[in-house]
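Visitor: turn this into a model:
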Amino acid sequence: MFSGRNWHIGRRLNHARRYRHIAAVLMTYGFDEVLERLRHVSIFARMARKGDGEGETVRQKSRPQRVRMALEELGPTFIKLGQLLSTRPDLLPPEYIEQLSLLQDRVPPAKFSRIKAVVEAELAGGIKGNFSEFDPEPLAAGSIAQVHRAVTTDGREVVAKVCRPDVRETLEAECEMIIRIADWLGKTQSPAGTLDLPRMAREFTFAVSREVDMTVERNNLQRFTANFEGDPTVHVPETVESLCSECVLTMEYIDGTKPRSADRLRDAGLDPQLLARRGADFVLRQIFEFGVFHSDPHPGNMFMLPENIVVPIDFGQVARLRNGDQELLSELVLAIVDRDSETIVHALSSADLLSDETDGDALSADAEDLIDRYYHMPLKDIPLRDVISEVFRLIRNHQLQPPAQFTLMLKSLMTIESLAMELDPQFDIINALKPHARRFRLQRLDPRRLLRRVHSAVRDTAELVGRLPDDARAIIKKARKGDVQVRVHHEHLEELSSTLDKSSNRISLALIIAALLIASSMLTPQEGMVLKLVRLETLGVIGYIAAAIGGIWLGLSILRSRHF
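Guide: Predicted coordinates:
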């Protein structure tokens, strides 16, 4: 995570300017209701101006379009937030996911002199001591880093991924603001709201903090290299360890073909159908064998080499699965293969995804409807993308609570299916999934694994039984001393406390204003001096001015709250 920093005056002023810009953008794109809930920044909303004809034109667009356009105008950090949300179809409807998926991290490249300064500071010997060539024009530029082609002093062709200057400070400041806004919105969200905004904001901050640390991506590269060692169908770019740091990642340069179309691959002498199978197998092995997967396997993050070798790149977005996530996926796949709706509900329940608001009967009915929709279709004709979209609809409608990495995994499957179908329209990903899912189920039934689970359960039970007398004795001892405490949490009690605090503060201020007015009225007619410095009449006038300022502030506060 980002390191904590004290909020000094300059930083608060910068944040105030940024809040004003956010308020202006929200108003321009027709999100006035969000500003109504953000009372903490309502003053900035009043200071912000609406656009003239532009604002009215924008408001005619659909709400998902306006969300995307607002995030684009708010800049790189908010674009990354939108990209993260585009991977969560369990939270947002398809029309929002479609628009957020269009967000591109388009930023002008940083000046080479600034990139050079980062390399000089991070690598002993700088550019001249480590590279015989270093192209000042980047191959790609994003909001966090940009990539430059280079040649090392020993002749290896490489690419250097370098963090943009001051990116940490910028992202840290904006992530703090996003967390604060999410906290404010979370306090005004209805109890039935399905979005845990503060948690999502903190997840986003954690994800971004990992992207600005190149050692994380380097570790991911090394892990994938070990996982696919000996697999002739996959090549993971080699890192140059001596030329890596927290802000610089140097790796092998890949001169391959992007899998953007089957014709392009054929022109390069490659087999699109074989690459479709190998690309899907690359993702499925990550999910079922290793539990660590590339969460964004789109065509831009892959190269294809001669002999139909798959080369993944950009390992900044890698997710880790729990054993339960793999088990849930295998059960869902086999339920679709076996046309068994009860297995879907049982799998979701066993994975502890059902919330208190979930209606089991309604969930079962929707699961049966999902299976019936594809019951008479051959497996090869069932589009996995549509099935996963239906699963996401179940999750949203029944307020299920899957972990983020599980939804990322489903999104990755949808992405790789789209890529494979682009290369081979006859590709059947469900048949490709089936052997992996059955193999994983058989592994769970392995006698050695079952024995380990039984041994672990027996050990935990023995420890619990062994501690029970001591725990019971401790509880009884505390009860005799009167040390037992019962804590009761009342929902929204904090809001009531906050409201009472605000009310008492306003009453106190009103009393102070009244006292100032009375005292000033008594002092103004008087003659004389206080400590031979200030006339009593002057003190009375100062009191009137202070009372007027306090009264105006109190009035504005009441108007902003709209509780009058």
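
Visitor: the one helix or strand residue 133 maps to - what's its average pLDDT?
Guide: Here residue 133 sits within strand 131-134, counting by DSSP states H and E. When pLDDT is averaged over strand 131-134, the result is 96.

Visitor: for it, buried residues please.
Guide: 131, 134 (16 or more other Cβ atoms under 10 Å). The way it works is simple: take the backbone N, C-alpha and C, and place the C-beta from them, glycine included.

Visitor: ok, it: who's next to it in the sheet?
Guide: Sheet pairing here is set by DSSP bridges, and for strand 131-134 it gives strand 145-152 (antiparallel).

Visitor: list the buried ones in the strand it pairs with?
Guide: So strand 145-152, judged by 16+ other Cβ under 10 Å, has buried residues 145, 146, 147, 148, 150, 152.

Visitor: for stretch 236-256, same thing?
Guide: Neighbour-count burial for stretch 236-256, with 16+ other Cβ under 10 Å as criterion, is recorded at 236-237, 239-240, 243-245, 247-254, 256.

Visitor: now swap in stretch 365-377 and tell me
Guide: When burial is assessed from 16+ other Cβ under 10 Å, stretch 365-377 yields the following buried residues: 366, 367, 370, 371, 374.

Visitor: quick one: name whatever helix or strand follows the helix or strand that contains the second one.
Guide: Going back to what we said before, that points to residue 367. Secondary structure assignment for residue 367, by DSSP H and E: helix 360-374. Under the assignment DSSP H and E, the closest C-terminal helix or strand after helix 360-374 is helix 384-397.

Visitor: just want the angle from that next one to helix 360-374.
Guide: The directions of helix 384-397 and helix 360-374 differ by 160 degrees, with axes from the mean of the first three to the mean of the last three Cα atoms, to 10 degrees as the criterion.

Visitor: contacts for helix 384-397, please.
Guide: The list of residues contacting helix 384-397 from outside it, by Cβ atoms under 8 Å, 6 or more residues apart in numbering, reads 89-91, 93-94, 194, 332, 336, 353, 363, 366-367, 370, 373-374, 400, 402, 407, 410, 413-414, 417-418, 429-430, 433.

Visitor: from those, which would you call buried?
Guide: 89-91, 332, 336, 353, 363, 366-367, 370, 374, 400, 402, 407, 410, 413-414, 417, 429-430, 433.

Visitor: next step: those restricted to helices.
Guide: Cross-referencing these against helices under DSSP state H gives 332, 336, 363, 366-367, 370, 374, 407, 410, 413-414, 417, 429-430, 433.

Visitor: now name the helix or strand holding the most centrally placed residue in the chain.
Guide: Central residue of the chain (Cα atoms, centre = their mean): residue 204, 3.3 Å from the mean position. With secondary structure defined by DSSP H and E, residue 204 is part of helix 197-211.

Visitor: thinking again about what came up before, next one: the helix holding residue 367 to chain centre, how far?
Guide: On the basis of Cα atoms, centre = their mean, to the nearest Å, the separation between the geometric centre of helix 360-374 and that of its chain is 30 Å.

Visitor: same question for stretch 427-445.
Guide: Once both centres are worked out by Cα atoms, centre = their mean, stretch 427-445 turns out to sit 29 Å from its chain's centre.

Visitor: buried sites along it?
Guide: For stretch 427-445, the buried set under the neighbour-count rule, 16+ other Cβ under 10 Å, comprises 427, 428, 429, 430, 432, 433, 434, 436, 437, 440.

Visitor: same check, this time on stretch 254-264
Guide: 254, 256, 257, 259, 262.

Visitor: from residue 259, how far off is residue 309?
Guide: From residue 309 over to residue 259 the distance is 12 Å, taken as Cβ to Cβ, to the nearest Å.

Visitor: I'd guessed residue 248 sits against residue 159; true?
Guide: No. The pair residue 248 and residue 159 does not pass the contact test of Cβ atoms under 8 Å, sitting 11.0 Å apart.

Visitor: pretty sure residue 114 contacts residue 165?
Guide: Yes. Because the distance of 4.6 Å satisfies Cβ under 8 Å, residue 114 is recorded as touching residue 165.

Visitor: more neighbours: which of those two?
Guide: For residue 114 versus residue 165, the count of surrounding residues by other Cβ atoms under 10 Å is larger for residue 165: 17 against 13.

Visitor: how about that one, what does it touch?
Guide: Under the criterion of Cβ under 8 Å, 6+ apart, the contact partners of residue 165 comprise 110, 114, 115, 117, 118.

Visitor: what about it, which SS state?
Guide: coil (DSSP: H, G, I helix; E, B strand; the rest coil).

Visitor: what segments of this structure are strands?
Guide: 131-134, 140-141, 145-152, 157-163, 248-252, 292-294, 302-305, 309-312, 318-320, 529-530, 534-535 (DSSP state E).

Visitor: strands paired with the second one, and their directions?
Guide: Read that as strand 140-141. For strand 140-141, sheet partners with direction are given as strand 145-152 (antiparallel), following DSSP bridges.

Visitor: picking up where we left off before, just the buried residues of stretch 365-377: which has the poorest pLDDT?
Guide: Among these, residue 374 carries the lowest pLDDT, at 82.

Visitor: residue ranges in the stretch 151-300 of the chain under the pLDDT threshold?
Guide: Applying pLDDT under 70 to the stretch 151-300 of the chain flags residues 188-195.

Visitor: and if we set it to 90?
Guide: Low-confidence segments of the stretch 151-300 of the chain, defined by pLDDT under 90, span residues 165-213, 260-261, 294-300.

Visitor: swap in the stretch 301-450 of the chain?
Guide: Counting by pLDDT under 90, the stretch 301-450 of the chain contains low-confidence ranges at 301, 314-364, 366-412, 414-415, 418, 428-450.

Visitor: how close does residue 223 get to residue 89?
Guide: For residue 223, the distance to residue 89 equals 27 Å [Cβ to Cβ].

Visitor: hmm, back to that, distance to residue 295 for the buried residues of stretch 254-264 - can I get that in JSON lines?
Guide: Output for these, formatted as JSON lines (distance: Cβ to Cβ, whole Å):
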{"residue": "254", "distance to residue 295": "20"}
{"residue": "256", "distance to residue 295": "21"}
{"residue": "257", "distance to residue 295": "23"}
{"residue": "259", "distance to residue 295": "18"}
{"residue": "262", "distance to residue 295": "25"}
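
Visitor: looking at these, which one is closest to residue 324?
Guide: Proximity of the buried residues of stretch 254-264 to residue 324 was ranked by Cβ to Cβ; the top entry is residue 259 with 32.3 Å.

Visitor: ok, the residue nearest to the closest one when sequence neighbours are not counted - contacts?
Guide: Across the structure, with Cβ to Cβ, 6 or more residues apart in numbering as the measure, the residue nearest residue 259 apart from its sequence neighbours is residue 299 (5.0 Å). Neighbouring residues of residue 299 by Cβ under 8 Å, 6+ apart: 258, 259, 260, 419, 422.

Visitor: ok, the first one touching residue 302?
Guide: Going back to what we said before, that points to residue 258. Yes. In this structure, residue 258 sits in contact with residue 302. The criterion is Cβ under 8 Å, and the distance is 7.1 Å.

Visitor: coming back round to it: what's the closest of the strands of the chain to residue 17?
Guide: With Cβ to Cβ as the measure, strand 157-163 is the member of the strands of the chain nearest residue 17 (24.9 Å).

Visitor: contact partners of the closest one?
Guide: 115, 118-119, 131, 134, 139, 144-152, 212, 214, 217, 240, 243, 247-253, 255.

Visitor: make it 6 Å
Guide: 115, 118, 145, 147-152, 240, 247-250, 253 (Cβ atoms under 6 Å, 6 or more residues apart in numbering).

Visitor: can you check stretch 85-101 too?
Guide: Under the criterion Cβ under 6 Å, 6+ apart, external residues in contact with stretch 85-101 comprise 64, 65, 68, 82, 392, 395, 402, 407, 408, 411.

Visitor: just the terminal-to-terminal distance for that stretch.
Guide: Across stretch 85-101, the terminal residues are separated by 9 Å (Cα to Cα, to the nearest Å).
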